[in-house]
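In: Sequence first, then the predicted structure, then my questions.
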Amino acid sequence: MKATKAWDLVGLAVIAAVATWLLVRSFYGSVPPIGALAGASLYAVAVIELGFGFFVRSRIGGSRIGDGPRQLHPITVARTLALAKASALVGAVISGVWTGFLLHVLPLSSTVRAASHDRVGAWVGLVAGVALVGAALWLEHCCRTPNAERPRRRRHLKRYFRPSSVGLLWRTTIPLRLSLAIRQLPLVS
């Protein structure tokens, strides 16, 4: 499995925020009041995942992975990784939902009494969603093997700077010719 990308999480949060903002904007009058602890259940999930991350990390770091009685089974680590990836996605969507709700409620909170009461629960839910994303990414990080080499981010540059490649010639001569052609253009005063 590949690591969860931050842009995937941000994209999900933005889509959820826009969709929620549009829905709340249209149907806010029929939404029941949001309690102060509406999103607080995610805090418990985040704390459990954070604690389990430390547990998995200690087992992997101590090479206690296997079928033995004091070892962590490899399938359990794989399932934990799947849980971490799913929790990160759910946390991103929940954060987006509460953000979209807040985008509608914050401007109304000074004039509408219900909006000022709903604001507290929305902030609690937003922070809980962000906490779940953080705990899930930590758990995902803890499931890595200790000797796993991180992929290099500069792989695409190998092709670009290869001296024998035709691509290098193409990529260096075309911009040079363009800059020379731009310099030769007459200036209009």
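Out: Okay, I see it. Numbering: from 1, shown residues only.

In: mind checking how far stretch 24-32 is from the chain centre?
Out: A distance of 28 Å separates the C-alpha centroid of stretch 24-32 from that of its chain, computed with CA atoms, centre = their mean, to the nearest Å.

In: er, stretch 104-124 actually
Out: Distance of stretch 104-124 from the chain centroid (CA atoms, centre = their mean) equals 26 Å.

In: ditto for stretch 81-97
Out: What separates the centre of stretch 81-97 from the centre of its chain is 8 Å, taken as CA atoms, centre = their mean.

In: pretty sure residue 70 is touching residue 64, no?
Out: Yes. Taking CB atoms under 8 Å as the definition, residue 70 is a contact partner of residue 64 at 6.4 Å. For glycine as for every other residue, the C-beta is placed from the backbone atoms N, C-alpha and C.

In: who has more neighbours, the two?
Out: Counted by other CB atoms under 10 Å, residue 70 and residue 64 do not tie: residue 64 has more neighbours, with 12 against 8.

In: Let me see the contact set for the closest residue to that one other than its chain neighbours.
Out: Spatial nearest neighbour of residue 64, chain neighbours left out: residue 71 (4.8 Å); criterion: CB to CB, 6 or more residues apart in numbering. Residue 71 sits next to 59, 64, 65 when contact means CB atoms under 8 Å, 6 or more residues apart in numbering.

In: In those, which has the lowest confidence score?
Out: Sorting those by pLDDT puts residue 64 at the bottom of the list (79).

In: Next one: that residue from residue 74, what distance?
Out: Going from residue 64 to residue 74 by CB to CB, to the nearest Å gives 11 Å.

In: for residue 47, same thing?
Out: For residue 47, the distance to residue 74 - CB to CB - is 25 Å.
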